[in-house]
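In: Next one to model:
(one chain, ligands or ions: 1)
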Amino acid sequence: MLDSHFFSYTDGTLCCESVMLNELAAQFGTPLFVTSRQSLLAQYLAFEAAFTALPHFTCYSVKANYNLAVIRALADEGCGCDVNSGGELYRALTAGVAPEKIIMAGIGKSEAEIEYALTSGVLLLKAESVSELKAIDRVASRLGVVASVAIRINPNVTAETHPYITTGDSKEKFGIDEAELGEVFSLFRELPNLSLQGLDMHIGSQIFDPEYYVAATQKLLDVLESARHLGFDIKWFDVGGGFPVTYDPQKPATDITRFAEKLIPMIEGKGVTAIFEPGRFLAANASLILTRILYRKRNHTGKEFFIVDAGMTELIRPALYHSHHEVLAVTRHDRSIVADVVGPVCESSDFFARQRSIDDAAEGELLAVLSSGAYGAVMSSNYNGRLRPAEVMVDGRKVTLIRRRESYAQLVQNEV
Ligand SMILES: Cc1ncc(COP(=O)(O)O)c(C=O)c1O
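Out: Here you go, the predicted model:
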């Protein structure tokens, strides 16, 4: 039922590492994000082990979970950061990540964000359009610096995943189109404050078939050859993120070596350092949401509902992508029922599970929504006047509060 080293039942009670979840609920309240530090690190180490034969630099895509403690846990192991905005850059720097270990993405960077990145001294700015390159040059010249830039190519590869998370297709907004590359290369010749250091792509998220990476990498290699032919000294070859995880614990976990086996032979010996930007792969299965059953009800058709104190405001993925999240009772029961697990928000899309077999837990008991570590807390909102939950990190027996629960006063603090 649950195949995880980091979340498992001990004596009928669900635990995170060596800590019982009901104890966490008693101490910190619910809803509560619970992150296993060891799970995060195990995923990172598995990723590093798979790509060890290739000169590479792994930059955790902090958009998946930008809690400072999560960033720090990975940075302490040597991982860099991929940030997507001034706010994420601020988070990475505040977590103590060295600027030369940070790369910055973003299709719509403002000049203020570009200035922030350049004055911070980030390793690379990844540019996505001719206009953005001109903006980077303008800001760099004002600051009297030369900007280290990677260009994000749109490889026109349609990876099979949810349409909202495919990004490498030419009908999407991301990256520079092949047809524009001539103009882009000319710009780097004309504009003195730009230095072309890298090539970049990101074809989407939750991509299970390595062949999509192979197709896109081949296109990026073709661009590498053209760039070198024109005399550009390309150092960085950024394959992006998108490496998948399994949300159903009954299915085997992703074997990242399947991706490494395809990519390493393509990139090794090309005189570049590969960059990878995993987000979900590192963070998704490291956290769960602990939530209390407020009410149970049964309608006239016999349909059962668990109404819990977490909702789409904490995890919007089921509403946005119809994604599957395993829901488990913290205390095991012998009997199960088929029910919907829904939140308190005034939207019918506020659900975690529909018609799912769940232990027959009573009102007041705890449920856990698994695999909530990526694109969970970071997408949380105050909709319906809800308070963002507290977050804790577990490491063995040690529990650290890594985000305080919001207060009503914080809800209105910026309003005048
Ligand atoms: C540029 C870029 N890199 C990396 C990622 C991380 O993707 P994933 O969490 O699927 O690894 C994203 C996600 O949208 C992204 O936009």
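
In: okay, stretch 90-98 in CSV with CA atoms only?
Out: Below are the C-alpha coordinates for stretch 90-98, written out as CSV (Å, rounded to 0.1, in the frame of the first residue of the first chain):
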residue,chain,number,x,y,z
TYR,A,90,15.8,36.5,-3.1
ARG,A,91,14.8,33.2,-1.5
ALA,A,92,17.9,31.4,-2.8
LEU,A,93,20.2,34.1,-1.7
THR,A,94,18.5,34.3,1.7
ALA,A,95,18.9,30.6,2.1
GLY,A,96,22.6,31.2,1.7
VAL,A,97,23.2,29.9,-1.8
ALA,A,98,26.2,31.5,-3.4
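
In: So what's the residue count around residue 411?
Out: Residues near residue 411, counting by other CB atoms under 10 Å, number 14. For glycine as for every other residue, the C-beta is placed from the backbone atoms N, C-alpha and C.

In: Tell me how far it lies from the ligand.
Out: The gap separating residue 411 from the ligand is 28 Å, by CB to the nearest ligand atom, to the nearest Å.

In: Quick check, that residue in contact with residue 385.
Out: Yes: look at residue 411 against residue 385 with CB atoms under 8 Å: they come within range, at 6.3 Å.

In: what is the mean pLDDT for stretch 139-152?
Out: Here stretch 139-152 scores 98 as its mean pLDDT.

In: from the chain's centre, how far out does it sit?
Out: Centroid separation for stretch 139-152 versus its chain: 27 Å, with CA atoms, centre = their mean, to the nearest Å.

In: What residues of the lengthiest helix in the chain count as buried?
Out: When the chain is scanned for its longest helix (criterion: DSSP state H), the result is helix 210-229. Neighbour-count burial for helix 210-229, with 16 or more other CB atoms under 10 Å as criterion, is recorded at 210, 212, 213, 215, 216, 217, 219, 220, 221, 223, 224, 227.

In: Please tell me the pLDDT value assigned to the fifth one.
Out: Yep, that's residue 216 we're talking about. 95.

In: likewise the first one?
Out: Taken from the predicted model, the pLDDT recorded for residue 210 is 95.

In: who are the neighbours in contact with it?
Out: Counting by CB atoms under 8 Å, 6 or more residues apart in numbering, residue 210 touches 258, 259, 261, 262, 263.

In: which among those are in contact with the ligand?
Out: Among the contacts of residue 210, no residue is within reach of the ligand (CB under 6 Å from any ligand atom).

In: near the ligand, which residues of the chain show up?
Out: 61, 63-64, 82, 105, 202, 205, 240-243, 277-281, 374.

In: And for residue 251, the neighbour number?
Out: 9.

In: Likewise for residue 271?
Out: 12.

In: Counting by contacts, list what the helix or strand encompassing residue 320 packs against.
Out: Using DSSP states H and E, residue 320 falls within helix 317-321. For helix 317-321, the elements it packs on are strand 351-359, judged by 3 or more CB pairs under 8 Å, 6 or more residues apart in numbering; DSSP states H and E.

In: Now stretch 309-317: average pLDDT?
Out: 98.

In: the helices in this structure, which residues?
Out: Going by DSSP H, the chain shows helices at 21-28, 37-50, 68-75, 86-94, 111-120, 130-143, 181-190, 210-229, 257-267, 280-283, 317-321, 408-411.

In: Please identify the most buried of the ones you listed.
Out: helix 280-283 (a mean of 29; mean count of other CB atoms under 10 Å).

In: Return the distance of that one from the chain's centre.
Out: That offset, for helix 280-283, works out to 6 Å (CA atoms, centre = their mean).

In: Would you confirm that residue 35 contacts residue 394?
Out: Yes: using CB under 8 Å, residue 35 is in contact with residue 394, at 7.0 Å.

In: More neighbours: which of those two?
Out: residue 35 (30 against 25).

In: Which residue is the nearest non-sequential neighbour of the more buried one?
Out: residue 287 (4.2 Å; CB to CB, 6 or more residues apart in numbering).

In: How about the contacts made by whatever residue of the stretch 301-416 of the chain ends up closest to the ligand?
Out: Closest contact between the stretch 301-416 of the chain and the ligand, by CB to the nearest ligand atom, is at residue 374 (5.8 Å). Residues in contact with residue 374, defined by CB under 8 Å, 6+ apart, are 64, 65, 245, 279, 280, 282, 283, 284.

In: and with 6 Å instead?
Out: 64, 65, 279, 280, 283, 284 (CB atoms under 6 Å, 6 or more residues apart in numbering).

In: With pLDDT added, can I get these in JSON lines?
Out: Output for the contacts of residue 374, formatted as JSON lines (pLDDT from 0 to 100):
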{"residue": "64", "pLDDT": "98"}
{"residue": "65", "pLDDT": "98"}
{"residue": "279", "pLDDT": "98"}
{"residue": "280", "pLDDT": "97"}
{"residue": "283", "pLDDT": "98"}
{"residue": "284", "pLDDT": "97"}
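
In: ok, residue 64 - contacts?
Out: 279, 280, 283, 374.

In: Now with 10 Å, please.
Out: By CB atoms under 10 Å, 6 or more residues apart in numbering, residue 64 lies in contact with 70, 82, 205, 241, 277-284, 286, 373-378.
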